[in-house]
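# with the input below, show me the fold.
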Amino acid sequence: MSTWLIILVILAIVIMMAIALYNKLVALQNRFKNAFAQIDVQLKRRCDLIPNLVETAKGYIKHERETLEAVVKARNQAVTAGQQAAAHPEDASAMQGLMGAEGALAGAMSKLMVVVERYPDLKANQTMSQLMEELSSTENKVAFARQAYNDAVMNYNITRERFPAVMIANSFGFREATLFEITEAADREAPKVSF
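Model (predicted):
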């Protein structure tokens, strides 16, 4: 009888540990999803600023239509990739798509900034100046949100990979989360804005 009691106590302890680990993984997964939602808010804000920026620039740089079209195209791709990643931030392919689209947008925006530098009237435009200031502020917010997301992902992944949590994670489909990294060295720099 006492052997059965010991077995039941051990089994109860193991079950309670498994439940605690499962709940911890759920909490950490929700934290990194929430952290991604904060990135998503800032990315949407930036994407909302870009059409205004392009419209303001159109009046001044009529001969740079190709650059403006590249910015609009990259913005649209970033919006689509952002929607896919927001729906499933735990999906590595969605995150890779977002990182690629963000890199393309950063490249297009830096080309636009080079063009803007060549037009003193555009640089002096009040609306353009305000939009560039808002864009720069939003870029800083994106960087902070990205750091918070990456910290949450790291905590989740570390917990997920530790024993015995790895057994619970694998049994219940807790997949490894992907960091939001910038792969191109040029994309690591915030767009340079000077007026």
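# middle-most residue in this structure, spatially?
Centre of the chain computed as the mean C-alpha position; nearest residue by C-alpha atoms, centre = their mean is residue 39, 4.9 Å away.
# what's the nearest residue to that residue if we skip its chain neighbours?
Excluding its sequence neighbours, the residue lying closest to residue 39 (C-beta to C-beta, 6 or more residues apart in numbering) is residue 145, at 4.3 Å. No exception for glycine: its C-beta is placed from N, CA and C like everyone else's.
# tell me what the strand or helix carrying the one you found is packed against?
With elements taken from DSSP states H and E, the one containing residue 145 is helix 126-161. Helix 126-161 sits against helix 2-58, helix 165-171, with contacts defined as 3 or more C-beta pairs under 8 Å, 6 or more residues apart in numbering; DSSP states H and E.
# let me see the mean pLDDT of that helix.
This predicted structure assigns helix 126-161 an average pLDDT of 91.
# name the nearest residue to residue 151, sequence neighbours excluded.
Using C-beta to C-beta, 6+ apart, the nearest residue to residue 151 is residue 35, at 7.6 Å.
# tally of neighbours for the one you found?
Summarising burial for residue 35: neighbours were counted as other C-beta atoms under 10 Å, giving 22.
# got it, and residue 149?
Around residue 149 there are 25 other residues, counting by other C-beta under 10 Å.
# give the closest residue to it in space, chain neighbours not counted.
The shortest distance from residue 149 to any residue other than its chain neighbours is 3.9 Å, reached at residue 35 (C-beta to C-beta, 6+ apart).
# ok, now residue 58?
residue 68 (6.3 Å).
# contacting residues for that neighbour?
Taking C-beta atoms under 8 Å, 6 or more residues apart in numbering as the criterion, residue 68 is in contact with 54, 57-58, 61, 112.
# relative to helix 2-58, how tilted is the helix or strand where it lies?
Here residue 68 sits within helix 65-87, counting by DSSP H and E. Using axes from the mean of the first three to the mean of the last three C-alpha atoms, to 10 degrees, the inter-axis angle of helix 65-87 relative to helix 2-58 is 160 degrees.
# rewinding a little: for the residue nearest to residue 39, give its distance to residue 36.
Spatial separation of residue 145 from residue 36 under the definition C-beta to C-beta, to the nearest Å is 9 Å.
# what about those two, which has more around it?
For residue 145 versus residue 36, neighbours defined as other C-beta under 10 Å are more numerous around residue 36 (27 against 20).
# ok, that one - contacts?
Neighbour list for residue 36: 85-86, 89, 149, 180 [criterion: C-beta under 8 Å, 6+ apart].
# list the contacts of the lowest-mean-pLDDT helix or strand in the chain.
Of all the helices and strands that make up the chain, the one with the lowest confidence by mean pLDDT, DSSP states H and E is helix 120-124; it has a mean of 78. For helix 120-124, contacts defined as C-beta under 8 Å, 6+ apart pick out 56-57, 60-61, 116-117, 128-129, 195.
# all good on my end, thank you.
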